[in-house]
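> One predicted model, sequence on top.
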Amino acid sequence: MAYRLDFIFTQAIMLVSRLLIPLLTVLIYSNGGGLPGWSFPEALLIQSVFMLCTGICAPFFNDMVWITMDHVREGTYDMLMLKPGSTIFITVASSFGFEQIGAFIGGAGMFTYSLATLPQVSAIGVLQFLFLFFMGICMNLGCILLLSAVCFKWVGNTRLVLIYDAISMFGRYPGGIFSNALQIVTTWVIPVAILGFFPAAALLGRSTPKMFLSAIPCAAFLALGWLVFRRMIYLYQSAGG
């Protein structure tokens, strides 16, 4: 409230940066190109689902890595540990960033526009979409927990975050345009396809069994992230370590 103009500019810049890839898609399709087997509204839906998923994650826990890193570096993580309640939950809650709400607004607006350009979807498709979408959020949270846990031993791990952001971009596109090896990686190893492609395909009635089986590694990422982060809290020795 004290720096309203800065807040407005921050939201505008974040929104424009999120729209760069969809704008590139518009240019590709308007010049006769496209993604094989996917119409322009369908390709736009995949990218809008990705924007919506990451837009939900951004304000709630994407800053968790930086919050944990700063507290560990300054030796002030004890302040979170002394608060009543789960330390993991408190760490997640303290990472909430209202300045990133623009990412969610942009994703929600893009998703609404994409749905308006498509035929009516079935109730089964909506249920499948909600399940895969939720698992995508769980996978992203699990990865953020793992990256945050590393901060307890490796305080300067900003490059790992950039690497994860780059890998997650594969979720913006249909898996069929990638090689079989890359599809295996984005489905079973680091299932970033569930951030955009899988939920959108389910909404369009193109779901396959492997899309739902990818929920297994997503749940594994969340469980592993929670366990590793909890272990790192136990090993934390504050500034005296």
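Noted; the coordinates are in hand. Numbering: from 1, shown residues only.
> what's the closest non-adjacent residue to Tyr164?
Sequence neighbours aside, Cys143 is the residue nearest to Tyr164 in space, at 5.9 Å (criterion: Cβ to Cβ, 6 or more residues apart in numbering). Where C-beta positions appear, they are placed from N, C-alpha and C, glycine not excepted.
> Now the helix or strand harbouring the one you found: buried residues?
Here Cys143 sits within helix 123-150, counting by DSSP states H and E. Buried residues in helix 123-150, counting neighbours by 16 or more other Cβ atoms under 10 Å, are found at 125, 128-129, 131-133, 135-150.
> just the helices in this protein please.
Residue ranges of the helices in the chain, as given by DSSP state H, are 4-18, 20-30, 40-61, 64-74, 78-81, 87-94, 101-116, 123-150, 158-168, 180-184, 197-203, 209-213, 215-235.
> What mean pLDDT does the longest one get?
The one in question is helix 123-150. Here the mean pLDDT over helix 123-150 is 94, rounded to a whole number.
> Can you tell me how far Asn62 is from Ile46?
Taken as Cβ to Cβ, to the nearest Å, the spacing of Asn62 relative to Ile46 amounts to 21 Å.
> got a list of what the closest residue to Met211 other than its chain neighbours touches?
Leaving aside its sequence neighbours, Met211 sits nearest to Phe198 (Cβ to Cβ, 6+ apart; 4.4 Å). With contacts defined as Cβ atoms under 8 Å, 6 or more residues apart in numbering, Phe198 is in contact with Leu132, Gly136, Ser207, Met211, Ser214.
> Might you report the residue contacts of the second one?
To tie it back to what came earlier, the one meant is Gly136. Cys53, Gly171, Ile194, Leu195, Gly196, Phe198, Pro199, Cys218.
> Deepest in the core, which of the helices of the chain is it.
Sort the helices of the chain by mean neighbour count, taking mean count of other Cβ atoms under 10 Å, and helix 197-203 sits at the top with a mean of 28.
> thought Ile167 was touching Ile190?
Yes - because the distance of 5.8 Å satisfies Cβ atoms under 8 Å, Ile167 is recorded as touching Ile190.
> which residue is nearest the middle of the chain?
Most central in the chain under Cα atoms, centre = their mean is Thr54, positioned 3.8 Å from the mean C-alpha point.
> Distance-wise, check that one relative to Ser114.
15 Å.
> Likewise for Val92?
29 Å.
> same thing with Val192?
Val192 is 20 Å from Ser114, by Cβ to Cβ.
> Ok, Leu203 next?
Counting by Cβ to Cβ, the separation of Leu203 from Ser114 is 9 Å.
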